[in-house]
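Enquirer: what follows is a predicted structure for the sequence shown.
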Amino acid sequence: MKVGIAGYGAYVPIYRIEGSEVARIWGSGDEEPIKEKSVPGLDEDSLTMAYEAARGALEMAGVERSEVGAVLVGSESPPYAVKPSATVIAEALGLTPRVVAIDMEFACKAGTTAMILAAGLIAGGAIKHGLAIGTDNAQARPGDELEYTAGAGAAAYLLSGDSDRFLAVIEQAYSYVTDTPDFWRREGERYPRHAYRFTGAPAYFGHIVGAAKGLMEEAGLKPSDFDYVVFHQPNVKFPLRVAQMLGFKPEQVKPGLLSGEIGNTYAAASLIGLARVLDAAKPNQRILVVSFGSGAGSDAISLMTTDKVGTKKSSLERYLSRKEYVDYGLYAKMKGILRVA
Amino acid sequence: MKRVFVIGTGATKIGEHWDKSLRDLAVEALLAAVRDAGIDKREVQVLYVGNMMSGELQGQEHLGALVATWAGMAGVAAFKVEAACASGGAALHQAYLAAASGLYDCVAVVGVEKMTDALPNDVTSALLTAEDQEYVVFTGATFVGLNALAYRMYLSKYGVKQEDVARFAVHCHKMAVNNPYAQFRREVTLEEVMSSPLIADPIRLLECAPVGDGAAALVLCNEDFLKRSPRDVLVEVAGSAVATDILSVHERKDPLTMAGFRKAAGEAMKRAGIEASDVDVLEVHDAFTVLGILTLEALGYAPPGKGWQLVAEGELEPGGRIPTNTMGGLKARGHPVGGTGVYQVFDLVRQLRGEAGANQVEGAEIGLAQNLGGVAGTVAVHVMRRVR
C-alpha cells in the first residue's frame, strides 16, 4: 500500500539574531557559519512550535480530525523531561483520545523517523492518517561553536493512505544507523557536548552518504534522477559538501537549504527544507530528503510529487520573511540563558 | 660500543584515524617495520615505545607490555619512553643505546600518538603537562602562546617580517604533496597562511603543526646481528644524542639560542664525525614556523635573522643548499606527538635508501633529525648515514 503526504506545515519564530552579533559577544577568528538564526519568543518552545506546524498540516490536508490515528513528535528539546509533548499537541489539535501519541528522540533525525513510523502504521492498516512532527528549540552552551547555529523551528507532515489526497508519494525509505558518539547530553547536564571534528567525516558525512547511497542502490536511482535534494543542515557548508560528495549539483540543494537564514533547527531542519521544496515543486518531480541525527543515523526518503502539489502552499514563506532582530541580551533572555530563579 | 643500523622501517599514514586505536596504530607500524627488516618478530629482543599523552588522553599507560602483547611479541623487554614531543627521538636514543651496548642485538622502536578523538581542551591540557605546572601552567599559558613570545622576540630583534617566517609552512605543504604518509597532501599559499585564524599573536593557524594520529617504527640491529643476517642497503645511526635545556623559556638567558639543541646536535655530529655542512637532508621540528627558521640559523646555514632567506630562495627543496623537511615536516606530514621523532628518521631513511620518490635528494648520504620536547626543553638529535 502506498503512503503519501496529504498536507504539511512549517513554523519558524519571528525573532532572529545575526551571526555577527553572537561573534560580538564571544569573538571568533573565523567567518560566522551562518548569516542569522531563528530565536523563539518568550512564550514559545518546541511544543508550541510543533502545534503551529501541525495545525498547518491538518488544514492543508483537510482530513477529518477523528481519522488522524497517530501523533508522533520527534524532538530533543521537549519542555518536560517527563510528560509527553505529543499528548498536549494531540489535545490542542482535537485529535484525542483515540490516537497513538508518543514523543521520540534521535537528535536531529527524530522527525524523519517519525515519518517512517507513521507511514508504517498506515501501510500496515492500523490507522488511516498520521501526523509526523520534527520540532526543536536547539540548545547550545553560550560561547560554543554551536551557539552560532542553534535555531528554532518545527515542521509537520500529515501522512495518509488515501491516494486521492497525495501531494507527494513516498517511494522508498532507507535508515542507516551506527553507534557513533559525536554529540550528546547526559541526564542533568544543561547543554549538549560535541566531539568537534569527529562530528564531520565519521558522523554527518559518513551517515548521510551511507543512507543516500543505500536508498539509491535499493531503488535503482542516481543523483540526476532527483529534481531536489534536502540534507540535514547544521550549517551552510556541510549540506553543499555532502551534495558534492554524492554527485548532486548545488542547484538541486539550494531551494531546500535554509540554515543560513534560520540556523540549525535540529529535528525540524531537513523537514522545513522539504516544506520549502514542496511549496516550489511541480507535478512529477522527485525529491530526496536525508536527515542526520547525532549518535548517529540518517534516514533517506525518496518522494515523487503528484499533480496536486502546489495547489496549496504552506505558510513557510511568510514565516521566513517576517523578521524581528534581537541583540544578544534579548536573545539570552528569550533563549533562557539568563536565569532569574 | 657497537655500530647500529636501521634494517626495517614502517609507518601509518598520519591523519584522523577514527577507526583505529592507539594500539592498532602502534602494532600496524611495528609489524610493517619487522616485515621490512625481513626478520621474525621473535628476533626482536627489546622494544621502546615513544609516546607522550596516552595516560592523559586514553587513560592508558604500560605501553611497553600493551604493544608487545598486541603485536604478538609478549616476552620481549619493553618500555614506554616519555619526553614530551621528543618522546619518539628519546625512545630511538634508548633503542640505539641498547643495541650499541651489545646487551641486545636486535631492537625495535615505535613512536605513536592518538590525539584526534580527544576533545581540543583535553589535548591542550595534556600537551601542557610538558611545561612546569607550578611556575608556568598556572598562569594560563599554552604552548602556542609560549612559542608566540619567542616568535615576537625574533621578529623584533632581527627586524624580520612575519611573511618571511610563515613561508616555511608553504614550503612544508609543497613537500608533503608527494608524501603518501602525510596528513596534508596539498599546497597552501602564503596568503592563505597569513589570513588563517590568529591562534596566539602573531602565530596563525597555518603556522602550527596539526593534531593527528599516527605511528612510525624502526628495527635496529648491531653489527653482530648484521653478520648473521646481512642486508643490501644499509643506513647507520651514526650519531645519537639527547640534551636538555632549562625547562621553561623565561628562565633561560636567551630564549632564541636553542642551547639544548646546540649541545645535542654538537654531540651527535661529533659522534658521527661530521659537520653541519656535511648534511645532505635535514628534518627539523617545526611545531611552529619560527622553530624551523631558528634551527637553520642554530646549525649555521644562515646568520641569525637571515634563515628565512633559505626558504625564500628555495634552498630547502631537493636540489637546494640544505634540503629540509622534504616529506612535509611537522606542519604538513603531521605531528602525532610521540610518533614525530621516529617519523623524522623514517623519512631520512627513505631519502638515504633512495626511496623518497618525487622528492628524492639525489645522492643523499647523510641526514640529521632534530626532535624537540616542550619549548626545546628536551632535544633529541640523530645523524643517519648511508653505508652501502
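Expert: That came through, no problem. Numbers count the residues shown, from 1 in each chain, chains lettered A, B, ... in the order given.
Enquirer: can you tell me the centre-most residue of the chain?
Expert: No chain was given, so I picked chain A. residue A:268 (1.9 Å; CA atoms, centre = their mean).
Enquirer: you answered for a different chain; I wanted chain B.
Expert: residue B:341 (2.9 Å).
Enquirer: contacts only, for it.
Expert: Residues near residue B:341 by CB atoms under 8 Å, 6 or more residues apart in numbering or on different chains: B:50, B:86, B:87, B:88, B:89, B:90, B:91, B:92, B:111, B:369, B:371, B:380. Where C-beta positions appear, they are placed from N, C-alpha and C, glycine not excepted.
Enquirer: and residue B:40, how many neighbours does it have?
Expert: 9 (other CB atoms under 10 Å in any protein chain shown).
Enquirer: now the helices for chain B?
Expert: For chain B, applying DSSP state H gives helices covering B:22-37, B:63-70, B:87-101, B:120-127, B:143-158, B:162-176, B:190-195, B:223-228, B:259-272, B:289-298, B:307-312, B:329-332, B:337-352.
Enquirer: buried subset of the contacts of residue B:341 as a PyMOL selection?
Expert: Buried residues within the contacts of residue B:341, by 16 or more other CB atoms under 10 Å in any protein chain shown, are selected in PyMOL with:
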select buried, chain B and resi 50+86+87+88+89+90+91+92+111+369+371+380
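Enquirer: ok, now which ones touch the residue of the stretch 101-250 of chain A found nearest chain B?
Expert: As assessed by CB to the nearest CB, chain B sits closest to residue A:202 within the stretch 101-250 of chain A, at 4.4 Å. Residue A:202 makes contact with A:180, A:182, B:18, B:19, according to CB under 8 Å, 6+ apart.
Enquirer: quick one, domains of chain A?
Expert: Per the record, chain A has its domains at A:4-166+A:312-334, A:172-305, by automatic domain parsing.
Enquirer: quick one, what contacts residue A:294?
Expert: Going by CB under 8 Å, 6+ apart, the list of residues near residue A:294 reads A:107, A:108, A:180, A:182, A:183, A:184, A:194, A:199, A:203.
Enquirer: highest neighbour count among the residues you listed?
Expert: Tallying neighbours with other CB under 10 Å puts residue A:108 at the head of the contacts of residue A:294, with 31 neighbours.
Enquirer: isn't that one right next to residue A:271, touching?
Expert: No - taking CB atoms under 8 Å as the definition, residue A:108 is not a contact partner of residue A:271, at 10.2 Å.
Enquirer: what is the burial count for residue A:57?
Expert: With other CB under 10 Å as criterion, residue A:57 counts 27.
Enquirer: need the pLDDT of it.
Expert: Looking at residue A:57, its pLDDT is 98.
Enquirer: for it, list the residues it contacts.
Expert: Neighbouring residues of residue A:57 by CB under 8 Å, 6+ apart: A:7, A:8, A:9, A:131, A:156, A:157, A:158.
Enquirer: again, but for residue A:16
Expert: With contacts defined as CB under 8 Å, 6+ apart, the neighbours of residue A:16 are A:36, A:37, A:38, A:39, A:262, A:323, A:324, A:325, A:326.
Enquirer: please indicate which of these are buried?
Expert: With burial judged by 16+ other CB under 10 Å, the buried subset of the contacts of residue A:16 is A:36, A:37, A:38, A:39, A:262, A:326.
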